[in-house]
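K.L.:
got a predicted structure plus its sequence, pasted below:
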Amino acid sequence: MTTVTLPPPVEIVIPSQAAAQVRPRLGRRVLRALRPREGRVFFLLAAATYLTAATILTLHYGVIDVDSMSRVANATYVLQSRFPHLAAVGFVWNPLPSLADLPFIPFAHFWPELKNHAFAGNITSSLFMAGAVTLMLGTLRDFGCSRPVRYALTVLFALNPMIVLFAANGMSEACMLFTLMLATRMLAKWLRTGDPSDLVRTGMALGLAYLARYEALAAGAATIGLVAAISFIRGRSGVKSRLRDVVTDALLVGFPFVVSVGLWAISSKVLVHQWFPTISSSYGNTAQVGAAASELRHLTGQGTSEAFLYAANQLFGLEPTLFITIGAAAIFALHLRDNRALAPLAILGSVLAFDVIAFLSGHSFGWLRFDISVIPLATLMVACIPAARVPAPKRRLRNPLLSACLTTGRLSVNGLLAAAAVLLLAITLPSTWHTMMNHRLGREETHDLTAIFYPHQATDQDRQALNSLHVERQVAAYIDSLHLRNGSVLTDSGDAYGVLASTKDLKAFIITSDLDFERAVADPPRFGVRYILTPEHAYYDAVQSAYPGIYDNGGGFSTLAKSWKGYGYSPAWRLYRVTTAAYVADHDTLRP
């Protein structure tokens, strides 16, 4: 007997039924896409908080940090100077913060505070720090912290007074922390998984960090060394095989970083004839620290044994439990054989060590903000404590009572570890605030904060920190009122950045980044210069260097047109009108 197998019945789905089946799936996908992820939520909340703080600090109280203003001014030169070009961003300081300000500069036509109050810098620093908060949350999740613990640690990091202040004030610390946190997370992933792509991402993040701050040199060197050591330990048997792995991994992480350093150095050499202008330039950090050496010795004891105590007070004032957290993290890391704690130590710890050594060796001002990397370092070290879990028994116990007791005990130990970790970080917040309010340790931060939060205790110097750089806005407004043609005012942008960022007509100025600046300084009348703007005190001013005494007497070829008294961070300014006849009488070689 033959068995005949009939084909299965054909199911006919009409279009309306097919749509009905697709609709629930599509709806679930849309709901999943719209579901708020914790990283996005934390980023938006942090950005809103920091932008609110920036608005209050800058637009309400008028607190403008000079470094923030200078970086916004650099971005302005790129787009609005007489010679708009990318190299106008400057080579003394790293370019990434100024490049990040560029998209906001055109909108200053509608919202002048973006430039004249440097609020473009406040926006970028707020967004960078919000990104650093999001990276902190993700790194804590990678470390195995439970949701309540990582939320608590992230909030404590985000609300640390130093983090809030430097998220809101427009300075480059936020950009630096964002790039360093990105590198730390990628390196920690590689330490866990060994994925080569994470090494490439680490190197790229370190390259960006170098474009934000020079301290990243230490992070890059430490990371390459750590990767080489770990690769050798993990390598296959045989010295040659291990060395091959070391070279490969070191190239993966080091090549993007070295390219970043090399390209910036070559660009500096080609355009300004110096490999590292921050060291060799008359405008650079080395020249500024040298000019302030006697004052620094008086305030910090730099160059003496007192400097060690000063640096220790700053460091442990920000994070008094640093050694405790590092020690506890090391114990738990060894217990679990988890080497991810090496990532923040190599990257953030090396930057911290670099800044301390630079201060002790007399190459740094020793500002409190130079130690800001200790805050994410301590947070990640603390995270290694709750990340350590008391292991469950390998075999199931027959006695249910004993099993329940062990489970309860294990949960209790985990809870105690988590509580201890959060407490270790929480008790640092009052210490950080106290250190920031110390006039000797927080030399930059104290004046603004005292004038805002403790006005009855504020000194004249504290009150002068409010409504800062308003003198430069007055200078710019007066020059704008003259309605000058292009290239009428000669000034060195090394100190005039506040004026140049506040003016409505930057093309009226001949500034340092202009291609004809040096020739204009050598012969102002022939270049059509009608006015020379010069400050009373400057670390270096090309115009004053070419014409000593010009602030006092006009250099013998100009007469005083207008002067402004200094106030707070603003020096006194004088505007001289060039008198060509007098100039030619004193310089026979310039006669026609």
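P.N.:
Here it is on my side, so go on. Numbers count the residues shown, from 1 in each chain.

K.L.:
pull the CA atoms of the helix or strand containing Ala476 into PDB?
P.N.:
Applying DSSP states H and E as the criterion places Ala476 in helix 470-481. Taking Å, rounded to 0.1, in the frame of the first residue of the first chain, the C-alpha atoms of helix 470-481 are listed here in PDB:
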ATOM      1  CA  HIS A 470      34.600  94.300  32.200                       C
ATOM      2  CA  VAL A 471      37.500  96.700  31.600                       C
ATOM      3  CA  GLU A 472      38.300  94.900  28.400                       C
ATOM      4  CA  ARG A 473      34.700  95.200  27.300                       C
ATOM      5  CA  GLN A 474      34.900  98.900  27.900                       C
ATOM      6  CA  VAL A 475      38.000  99.200  25.800                       C
ATOM      7  CA  ALA A 476      36.400  97.200  23.000                       C
ATOM      8  CA  ALA A 477      33.200  99.300  23.100                       C
ATOM      9  CA  TYR A 478      35.300 102.600  22.900                       C
ATOM     10  CA  ILE A 479      37.300 101.300  19.900                       C
ATOM     11  CA  ASP A 480      34.100 100.100  18.200                       C
ATOM     12  CA  SER A 481      32.600 103.600  18.600                       C
END
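
K.L.:
buried stuff in that helix?
P.N.:
Neighbour counts using 16 or more other Cβ atoms under 10 Å place 470-476, 479 of helix 470-481 among the buried residues. To be clear about C-beta, it is placed using only N, CA and C from the backbone, and glycine gets the same treatment.

K.L.:
contacts for it?
P.N.:
62, 116, 489, 496, 498-505, 508, 531, 533, 562, 564-567, 570, 573, 575 (Cβ atoms under 8 Å, 6 or more residues apart in numbering).

K.L.:
can you list the helices and strands that the next helix or strand after it packs against?
P.N.:
Sequence order places strand 489-490 as the next helix or strand after helix 470-481, per DSSP H and E. With contacts defined as 3 or more Cβ pairs under 8 Å, 6 or more residues apart in numbering; DSSP states H and E, strand 489-490 has these neighbours: strand 509-510, strand 531-535.

K.L.:
please repeat the previous calculation with a cut-off of 6 Å.
P.N.:
Contacts defined by 3 or more Cβ pairs under 6 Å, 6 or more residues apart in numbering; DSSP states H and E place strand 489-490 against strand 531-535.

K.L.:
and the angle from the strand it packs on to helix 470-481?
P.N.:
When axes from the mean of the first three to the mean of the last three Cα atoms, to 10 degrees is applied, the directions of strand 531-535 and helix 470-481 differ by 180 degrees.

K.L.:
show me which residues of the helix or strand just after strand 531-535 are buried.
P.N.:
Next in sequence after strand 531-535, counting helices and strands by DSSP H and E, comes helix 542-546. Buried residues in helix 542-546, counted by 16+ other Cβ under 10 Å: 542-544.

K.L.:
just to revisit the earlier point, average pLDDT for the helix holding Ala476?
P.N.:
Mean pLDDT, helix 470-481: 97.

K.L.:
could you dump the buried residues of helix 542-546 into CSV and include pLDDT and distance to Phe316?
P.N.:
Converted to CSV, these look like this (pLDDT from 0 to 100; distance: Cβ to Cβ, whole Å):
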residue, pLDDT, distance to Phe316
Ala542, 95, 42
Val543, 95, 45
Gln544, 95, 42
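
K.L.:
dump those into TSV; add distance to Thr76 as well.
P.N.:
Shown next, in TSV, are the buried residues of helix 542-546 (distance: Cβ to Cβ, whole Å):
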residue	distance to Thr76
Ala542	19
Val543	20
Gln544	23
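
K.L.:
closest one to Ala328 out of these, please.
P.N.:
Minimum distance to Ala328 across the buried residues of helix 542-546 is 53.7 Å, recorded for Ala542 (Cβ to Cβ).

K.L.:
may I ask you to confirm that that closest one is in contact with Asp492?
P.N.:
Yes - if you go by Cβ atoms under 6 Å, Ala542 and Asp492 touch, sitting 4.8 Å apart.

K.L.:
number of nearby residues for Ala572?
P.N.:
Taking other Cβ atoms under 10 Å as the neighbour definition, Ala572 ends up with a count of 15.

K.L.:
now the phi/psi pair for it, please.
P.N.:
As for Ala572, its main-chain torsions (degrees, to the nearest 10) stand at phi -70, psi 150.

K.L.:
give the buried residues for the helix or strand hosting Ala48.
P.N.:
Using DSSP H and E, the element containing Ala48 is helix 38-54. For helix 38-54, a neighbour-count test (16+ other Cβ under 10 Å) marks 42-43, 46-47, 49-51, 53-54 as buried.

K.L.:
so what's the gap between it and the chain middle?
P.N.:
In terms of Cα atoms, centre = their mean, to the nearest Å, the centre of helix 38-54 is found 17 Å from the chain centre.

K.L.:
what of stretch 222-239?
P.N.:
Once both centres are worked out by Cα atoms, centre = their mean, stretch 222-239 turns out to sit 31 Å from its chain's centre.

K.L.:
average pLDDT across it?
P.N.:
Mean per-residue pLDDT for stretch 222-239: 92.

K.L.:
what comes up buried for that stretch?
P.N.:
Quick answer for stretch 222-239 (16+ other Cβ under 10 Å): 222-224, 226-228, 230-231, 235.

K.L.:
so where's the protein shaky on pLDDT?
P.N.:
1-35, 387-414, 580-592 (pLDDT under 70).

K.L.:
how is it divided into domains?
P.N.:
Listed by automatic domain parsing, the domain ranges of the chain are 35-171, 174-281, 288-391+406-436, 470-590.

K.L.:
possible to save these as a markdown table with distance to Asp460?
P.N.:
Shown next, in a markdown table, are those (distance: least, Cβ to Cβ, whole Å):
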| stretch | distance to Asp460 |
| --- | --- |
| domain 35-171 | 16 |
| domain 174-281 | 30 |
| domain 288-391+406-436 | 18 |
| domain 470-590 | 10 |
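
K.L.:
please identify the most buried of the ones you listed.
P.N.:
domain 35-171 (a mean of 21; mean count of other Cβ atoms under 10 Å).

K.L.:
so how far is that domain off the chain centroid?
P.N.:
8 Å.

K.L.:
helix, strand, or coil at Tyr576?
P.N.:
strand (DSSP: H, G, I helix; E, B strand; the rest coil).

K.L.:
from Leu102, how far off is the residue nearest to it when sequence neighbours are not counted?
P.N.:
Once flanking residues are discounted, Tyr576 sits nearest to Ser558: 3.7 Å by Cβ to Cβ, 6 or more residues apart in numbering. According to Cβ to Cβ, to the nearest Å, Ser558 stands 35 Å off from Leu102.

K.L.:
over to Val78?
P.N.:
6 Å.

K.L.:
same check on Cys175?
P.N.:
Taking Cβ to Cβ, one finds Cys175 at 13 Å from Leu102.

K.L.:
same check, this time on Tyr567
P.N.:
30 Å.

K.L.:
now do the contacts for Ala426.
P.N.:
Ala426 sits next to Leu156 when contact means Cβ atoms under 6 Å, 6 or more residues apart in numbering.

K.L.:
next, give phi and psi for it.
P.N.:
Dihedral angles (degrees, to the nearest 10) for Ala426: phi -70, psi -40.

K.L.:
Val422 contacts Ala152, doesn't it?
P.N.:
Yes - Val422 is in contact with Ala152 according to Cβ under 6 Å; the separation is 4.9 Å.

K.L.:
who's in contact with the residue nearest to Leu86 when sequence neighbours are not counted?
P.N.:
Spatial nearest neighbour of Leu86, excluding adjacent residues (Cβ to Cβ, 6+ apart): Val78 at 5.9 Å. For Val78, the contact set (Cβ under 6 Å, 6+ apart) comprises 86, 88-89.

K.L.:
tell me the one of the residues you listed nearest Leu137?
P.N.:
Val89 (31.9 Å).

K.L.:
just the ones in helices from the contacts of helix 470-481, please.
P.N.:
The helices, defined by DSSP state H, take in 116, 496, 498-502 from the contacts of helix 470-481.
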